[in-house]
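*Asks:* predicted structure and sequence below. I'll ask about it afterward.
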Amino acid sequence: MKRFLGLRTTFTLSLFSIFLGPTNGGTIIDGNKEGEDIDVQQSRTLITAYWSAFEDLESGVIKVTWCAGLSLGTCDLVNETQIDHNGTFVRYVLNKAIANGQRHYVTVKATNGAGVTTSLTSDGVIVDESPPISGSVIDGMVSDVDYVNSEDDITARWLDFLDLESGIESYEVALCDARNLSSCPQTFTAVGQVTNVTITGEIKLMTSNRL
């Protein structure tokens, strides 16, 4: 009788951890006020941004860097620079000014102990240091008038005002003396984005009485 020896092969599986990248609020906020993202700024040299602190519960955050560029994710304005891994704010003054109308972006990267990196980029800021281009103002709603009855409403409309960099956000209107434009019975008042206005005789008289 033949006997067969029982052969057994044993496999040992090594346990390992799967590391994800560091996490935070998921947003880079442009500007110098925490929680208030800006889309436009006048300065051509200042770059500022906020974000929530990165954290990694598995292997910790060991490195945080930031940079700035003229397109998403690039670093052609400010080279990638390491900061404190608990840092949540950058403020940097460029040696060379950004062109008026140019948009710039801030990118922040965080790396954990396993070497996994998370990268976030802001939605960008447009530089606009120039005022809007003036259009024309017409007294009256149909055609330009030179005189109105003292009891009539005063109406006006305007057109062709333009801002190529960031657009026109709002208008302000004042009622002034044509012989002395520094004398304005009704001072400048914001009217939003409307392009016409009617000032009633009642408002005109009430304003005049205050002077």
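*Replies:* Thanks, I have it.

*Asks:* before we move on, what SS does T107 have?
*Replies:* strand (DSSP: H, G, I helix; E, B strand; the rest coil).

*Asks:* okay, domains of the chain per the record?
*Replies:* Domain assignment for the chain, taken from automatic domain parsing, gives 29-127, 136-210.

*Asks:* what pLDDT does R157 get?
*Replies:* On pLDDT, R157 comes in at 87.

*Asks:* what stretches of the protein score poorly on pLDDT?
*Replies:* 1-19, 149-151, 200-211 (pLDDT under 70).

*Asks:* that one: helices as residue ranges?
*Replies:* For the chain, the helices defined by DSSP state H cover 201-210.

*Asks:* what ranges do the strands span in it?
*Replies:* With strands called from DSSP state E, the chain shows them at 29-30, 40-41, 46-50, 61-69, 78-83, 89-93, 103-112, 117-121, 125-127, 136-139, 154-159, 171-175, 186-192, 196-199.

*Asks:* looking at these, which is closest to Y147?
*Replies:* strand 136-139 (9.3 Å; C-beta to C-beta). For every residue, glycine as well, the C-beta is placed using N, CA and C.

*Asks:* got the buried residues for the closest one?
*Replies:* I138 (16 or more other C-beta atoms under 10 Å).

*Asks:* who touches it?
*Replies:* 144-146, 154-160 (C-beta atoms under 8 Å, 6 or more residues apart in numbering).

*Asks:* which strands border it, and is each parallel or antiparallel?
*Replies:* With DSSP bridges as the test, strand 136-139 is paired with strand 154-159 (antiparallel).

*Asks:* using CSV, write down the CA coordinates of the strand it pairs with.
*Replies:* Backbone C-alpha positions of strand 154-159 (Å, rounded to 0.1, in the frame of the first residue of the first chain) are rendered in CSV as follows:
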residue,chain,number,x,y,z
ILE,A,154,-37.1,115.5,-13.9
THR,A,155,-36.2,112.5,-16.0
ALA,A,156,-32.9,111.4,-17.5
ARG,A,157,-31.3,108.4,-19.1
TRP,A,158,-27.7,107.4,-19.9
LEU,A,159,-26.0,105.1,-22.3
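
*Asks:* no further queries at this time; thank you.
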